[in-house]
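Peer 1: Build me a structure from this.
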Amino acid sequence: MSSVTSRNYVLPDDADAFTNGLWFNLWTKKLWPYNELEPGNTLYWYESPSKWIVWKSRVVAVLRFAYQTKKEVEQKLTLTSVQAAQDYFVDGPEKGYCLSYKVAAIARVSFLRPDDVKFPHQGWLKVSPEVIAAWPALSADS
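Peer 2: Purely as a prediction, here's the structure:
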C-alpha cells in the first residue's frame, strides 16, 4: 500500500533527521489508516505550506493504541517536554487513538500537488488509481 500524509509545517531536509523523527497522529476515532498502515508500506510526505511532496519513505514500525489521557501518549511514546509542547500534541484530542510510526527515508523528492488533488481532513490520502491519474509522480510504488 502507498499513501500520502500531509504536514502543515516544513519537514527536515536531512535524511537522518527525517528518519529519526517521531511521527504520530492523534484522533478521536479510528480514522483511516489506523488499522491499515503496516511496515513495508510506502509513505509519501506532503508539506502543505509548499504544496510539494518532499519525501518518499518506507514504514518500518507501527504502534497503535487507544488512550484515555494525553499523559498516556507522552509515556508510551516517551515524548520529550519539547515534543509535548508542540501545537499538534497540545491541541490534540484529550482521549482517543494514537497511530505512531517510524519510517526510513528512501529519497528526497519534489512532486508538486496538482490543483485537482485534495486531501481528506485527517491528512492522509490513499494512492489509488484515481490519485495516480491526477498525480502521475506517485505511480512508482502503487
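Peer 1: elements contacting the helix or strand encompassing residue 99?
Peer 2: Element membership for residue 99, per DSSP states H and E: strand 96-112. Using 3 or more CB pairs under 8 Å, 6 or more residues apart in numbering; DSSP states H and E as the contact test, the elements touching strand 96-112 are helix 15-19, strand 23-27, strand 42-47, strand 52-67. Glycine gets a C-beta too; all of them are placed from N, C-alpha and C.
Peer 1: can you list these in JSON lines and add mean pLDDT, mean neighbour count and distance to residue 81?
Peer 2: Output for the helices and strands packed on strand 96-112, formatted as JSON lines (pLDDT from 0 to 100; neighbours: other CB atoms under 10 Å; distance: least, CB to CB, whole Å):
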{"stretch": "helix 15-19", "mean pLDDT": "96", "mean neighbour count": "14", "distance to residue 81": "19"}
{"stretch": "strand 23-27", "mean pLDDT": "96", "mean neighbour count": "18", "distance to residue 81": "16"}
{"stretch": "strand 42-47", "mean pLDDT": "96", "mean neighbour count": "21", "distance to residue 81": "25"}
{"stretch": "strand 52-67", "mean pLDDT": "97", "mean neighbour count": "17", "distance to residue 81": "19"}
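Peer 1: which stretch among those comes nearest residue 89?
Peer 2: strand 23-27 (7.2 Å; CB to CB).
Peer 1: returning to what we had before: figure out which of the helices and strands packed on strand 96-112 is closest to residue 88.
Peer 2: Comparison of these against residue 88 by CB to CB identifies strand 23-27 as nearest, at 7.5 Å.
Peer 1: what does the closest one rub up against?
Peer 2: 31, 34, 70, 73, 77, 88-89, 92-93, 96-103, 122-124 (CB atoms under 8 Å, 6 or more residues apart in numbering).
Peer 1: could you flag which of the residues you listed are buried?
Peer 2: Among the contacts of strand 23-27, those scoring as buried are 31, 34, 70, 73, 77, 89, 92, 96-103, 124 (criterion: 16 or more other CB atoms under 10 Å).
Peer 1: Looking at the residues you listed, which one is closest to residue 18?
Peer 2: If you rank these by distance to residue 18 using CB to CB, residue 103 comes first, at 7.7 Å.
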